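Engineer: Take this sequence and fold it.
(chains A and B, ligands or ions: 1)
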Amino acid sequence: MMKLHTDHTYTLTLHVHNQPGVLVRCAQVFARRGHNIESLHVSNDRSNPAFSTMRITAFGQPEMMDQVVAQLHKLIDVTNVTVHEES
Amino acid sequence: MSVTTKKQSQAKKADKTVRLDGAQALVRCLEAQGVEYIFGYSGGAAIPIFDALVTTHTGIKLIMARHEQGATHMADGYARASGKPGVVLVTSGPGASNTVTGLMTAHMDSVPIIVISGQQIRSMLGLDAFQEADIFNITMPVVKHNYLVRETNDIPRVVAEAFHIATSGRPGPVLIDMPKDVSSGSFTGNLKHDVSLPGFSNQTPLLNPEQVRQVAEMVRNAKRPVVLAGHGVLIANASQQLQTFADMYDLPVTTTLLGKGAIDETSSRALGMLGMHGTAYANKAVMEADVLINIGSRFDDRIVGDAAAFAQDKTIVHVDIDVAEHQKMVPVDVAVHADAREFLDAMVKLKGKASHVGWNQHIDGYKKQYPLNYREDEGLTQQQVIDTLARLTKNDAVVATDVGQHQMWAAQFYRTRRPNDWLSSGGAGTMGFGMPAALGAAYARPGQTVIAICGDGGFQMTEYELATAAIHELPVKIVVLNNHYLGMVRQWQELFYDDRLSGVDMEGNPDFAKLAESYGIKAVNIEHVDELEDSLKAALDYNDGPVLINCEVIKTDNVYPMIPAGGAYSSMLVSAPTRKLDKPTGST
Ligand SMILES: Cc1ncc(C[n+]2csc(CCOP(=O)(O)OP(=O)(O)O)c2C)c(N)n1
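Structural biologist: Sure, this is the predicted structure:
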């Protein structure tokens, strides 16, 4: 997808419960609000294999970013969300 | 029989009772959750579960619907009218996909329902096997959470979590997809399971007492305060506290469509519904308010209209248990993350006091200047039918509505007095909701008058559930307000599309009274104003089963007040416009 000049790029770290479907649930939060995932890295939590860490860089209209983060937070299988750099 | 053999046979018996299959374990888990009814429709992949309803001799009653959508709306109506979760059981593939509209409806309105769907056996998943629908992925955006159960012994955990998730915090629907070999597999686990959901429990709000004091201070100092009560007040069981709070601070209270019943709408503090088709006095009060306290409403676009105009010149407090709703539609000054009851309890405890005599008198002036009214000289109107129903039932019935003009008139003219007496699809606006929801409510509230108020269009979307009403002799009053149009759409076409009618003529309507009678249901036709009162009385007095009341109402009436979608409150039409209107900026 083409990036619009008004789009905002941001990186999130999600701590998620390692359940089938968790990636789809997260991806839907972005897709529904017209945000695009640019890069995605999932790795297993070494201290607790029932959990994983996702690092997601996404872009889209900035007004929707807070909603994306808030809705990710609401997912039952997401235990934590932190927002990193924004540009 | 020797002592030992007796013991042995007892042991054998005990052994038998614990050796359950997955489906039987599921039924035991549902019993433990206090489930009274399951609204269902069977099919191959769900046979083991339907079978378990027989073999376990459970006290849970199976109510067989005629369509899975009907079953979901029944469960939804049951949940809204009882405050307890509603349960649905369907088969895989089309059975499961037919629940999507019902799930979406419940999701949009924060209603706890649990849908259990049968599924293909595990080894067939992903192979396009017969009636394998990927319902787990299909429903993801319309549920609060969902499960695909992979192990028979996992059933207790999944059921415990599903009910916990559906009913706590901001409620919502949960789907449990259960492969047939999981439900048929032998269960060797523990039926009891504690819920541990780290990603969910960390969402529980912690009320900030400093914020409570701040809000109390704002309310005390306000010149023109208004309370907006939403569905959250009802979900939190806080209407008593709301009334006390409003009395202490002398506050007028308006509600959302779903908040109806949070305050007794016949009381002097109540302003009725707010928003697009809200009362003129509620809308004017909110427009002029300097402080708006929103408790448990998500500032739906039909409440807000033009968000910038809405928020202008007022201080807004927003109490919501769902933090994602804060600052979503409207910028607010104080965002309180709390359960409505906890917040109101804390407010009441502060023992504050205020008086807003002048402001309340000012609003009373609007009530006199812009009362809800209707014409009585042009034939039978929907408003008059609803108004008469309200009077005859003393505003004491449980009312379920369908979606359209009749819904808005019902919201205006059937003033709701108590919590959980008003059931309407607000967020989704799902036509076909009303009648099955009323059936669910009849199970939730036996002995109470239950009325379904439907349009002729929406009624036909789920009219097949007349069979369910008839079989169970549910004493539901089904009112079809028959204007032979998809009235609400026709209204928009008249007002905004130069009266070019397209796809709104309900030519081909059946004779609804005859249709009901063919199901063995008592039916009446009302065509003239002078038969209205007596016919409604007779229908209300009949309680041996359902009764359908077909009302031939005038065809081309419009709902006012109306704020065109996306418009500012200042664009409110209190009666028919005298000039051509621009197309609304909002969608619906
Ligand atoms: C399932 C569904 N399809 C379409 C709509 C769009 N819609 C909203 S109101 C309405 C008209 C409803 O007509 P009717 O049931 O006759 O009630 P009336 O407005 O005439 O009171 C329509 C088609 C909807 N809300 N739900």
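
Engineer: Name the nearest residue to B:Asn420, sequence neighbours excluded.
Structural biologist: B:Ala81 (5.4 Å; Cβ to Cβ, 6 or more residues apart in numbering or on different chains). (Glycine included, C-beta is placed from N, CA and C.)

Engineer: and that neighbour, what does it touch?
Structural biologist: B:398, B:420-421, B:423, B:440-441, B:444-445, B:450 (Cβ atoms under 8 Å, 6 or more residues apart in numbering or on different chains).

Engineer: How about the helix or strand where it lies and the ligand, touching?
Structural biologist: Element membership of B:Ala81, judged by DSSP states H and E, is helix B:68-82. No - Helix B:68-82 lies out of reach of the ligand by Cβ under 6 Å from any ligand atom, never closer than 9.7 Å.

Engineer: Where does pLDDT dip in chain A?
Structural biologist: A:1, A:86-87 (pLDDT under 70).

Engineer: Now it against the ligand: closest residue?
Structural biologist: Ranked by Cβ to the nearest ligand atom, the top residue of chain A for proximity to the ligand is A:Arg32, at 20.5 Å.

Engineer: helix/strand/coil for the residue nearest to that residue when sequence neighbours are not counted?
Structural biologist: The spatially closest residue to A:Arg32, leaving aside those adjacent along the chain, is B:Pro141, at 6.7 Å (Cβ to Cβ, 6+ apart). Classification of B:Pro141 by DSSP: H, G, I helix; E, B strand; the rest coil places it in helix.

Engineer: Neighbours of B:Pro141, how many?
Structural biologist: By the criterion of other Cβ atoms under 10 Å in any protein chain shown, B:Pro141 has 16 neighbours.

Engineer: pretty sure it contacts A:Val29?
Structural biologist: No - applying Cβ atoms under 8 Å as the test, B:Pro141 and A:Val29 come out as separate, 9.2 Å apart.

Engineer: Any buried residues in the helix holding B:Ala81, and which?
Structural biologist: Neighbour-count burial for helix B:68-82 flags B:68-82 (criterion: 16 or more other Cβ atoms under 10 Å in any protein chain shown).

Engineer: so which of those would you say is closest to chain A?
Structural biologist: B:Ala79 (19.5 Å; Cβ to the nearest Cβ).

Engineer: Just give me the neighbour total for the residue lying closest to that closest one once chain neighbours are set aside.
Structural biologist: Among residues not flanking B:Ala79 along the chain, B:Gly86 sits closest, at 4.0 Å (Cβ to Cβ, 6+ apart). By the criterion of other Cβ under 10 Å, B:Gly86 has 34 neighbours.

Engineer: Distance from the strand or helix carrying B:Gln240 to the middle of the chain?
Structural biologist: Assigned by DSSP H and E, B:Gln240 belongs to helix B:239-249. With Cα atoms, centre = their mean, to the nearest Å as the basis, helix B:239-249 stands 24 Å off its chain's centre.

Engineer: Buried residues of it, list them for me.
Structural biologist: B:239, B:241-243, B:245-246, B:248-249.

Engineer: okay, the residues you listed in CSV with pLDDT next?
Structural biologist: Output for the buried residues of helix B:239-249, formatted as CSV (pLDDT from 0 to 100):
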residue, pLDDT
B:Ser239, 98
B:Gln241, 98
B:Leu242, 98
B:Gln243, 98
B:Phe245, 98
B:Ala246, 98
B:Met248, 97
B:Tyr249, 97
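
Engineer: Filter these to keep only those in contact with chain A.
Structural biologist: By Cβ under 8 Å from any Cβ of the partner chain, no member of the buried residues of helix B:239-249 lies near chain A.

Engineer: wait, which of those is closest to the ligand?
Structural biologist: For the buried residues of helix B:239-249, the nearest to the ligand is B:Ser239 (28.3 Å; Cβ to the nearest ligand atom).

Engineer: In this model B:Glu265 seems to touch that closest one, though I could be wrong.
Structural biologist: No - counting by Cβ under 8 Å, B:Ser239 does not reach B:Glu265; the two are 11.3 Å apart.

Engineer: what's near enough to touch B:Ala311?
Structural biologist: Counting by Cβ under 8 Å, 6+ apart, B:Ala311 makes contact with B:330-332.

Engineer: before we move on, back to that, as CSV, could you dump the C-alpha coordinates of the helix holding B:Ala81?
Structural biologist: The C-alpha coordinates for helix B:68-82 follow below in CSV (Å, rounded to 0.1, in the frame of the first residue of the first chain):
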residue,chain,number,x,y,z
GLU,B,68,-30.0,-19.6,14.1
GLN,B,69,-30.4,-15.8,13.8
GLY,B,70,-33.7,-16.0,15.7
ALA,B,71,-31.9,-18.1,18.4
THR,B,72,-29.2,-15.5,18.9
HIS,B,73,-31.7,-12.6,19.2
MET,B,74,-33.7,-14.7,21.7
ALA,B,75,-30.6,-15.2,23.8
ASP,B,76,-29.9,-11.5,23.4
GLY,B,77,-33.4,-10.6,24.5
TYR,B,78,-33.1,-13.0,27.4
ALA,B,79,-29.8,-11.4,28.5
ARG,B,80,-31.0,-7.8,28.2
ALA,B,81,-34.2,-8.5,30.1
SER,B,82,-32.6,-10.6,32.8
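
Engineer: who touches stretch B:345-358?
Structural biologist: B:207, B:209, B:212-213, B:215-216, B:219-220, B:222-225, B:238, B:241, B:244-245, B:248-252.

Engineer: Among the residues you listed, name the buried ones.
Structural biologist: Using 16+ other Cβ under 10 Å, the buried ones in the contacts of stretch B:345-358 are B:207, B:212, B:215-216, B:219-220, B:222, B:224-225, B:238, B:241, B:245, B:248-252.

Engineer: tell me the phi and psi of B:Gly278?
Structural biologist: The phi/psi pair for B:Gly278 (degrees, to the nearest 10) reads phi -70, psi 170.

Engineer: For chain A, what is the nearest residue in chain B?
Structural biologist: Closest point on chain B to chain A, by Cβ to the nearest Cβ, is B:Ala324, at 3.6 Å.

Engineer: what about B:Glu265, neighbour count?
Structural biologist: For B:Glu265, using other Cβ under 10 Å, the count is 26.

Engineer: pLDDT averaged over stretch B:66-73, what's the number?
Structural biologist: For stretch B:66-73, the mean pLDDT works out to 98.

Engineer: let me fix that: stretch B:438-446
Structural biologist: Averaged over stretch B:438-446, pLDDT sits at 98.
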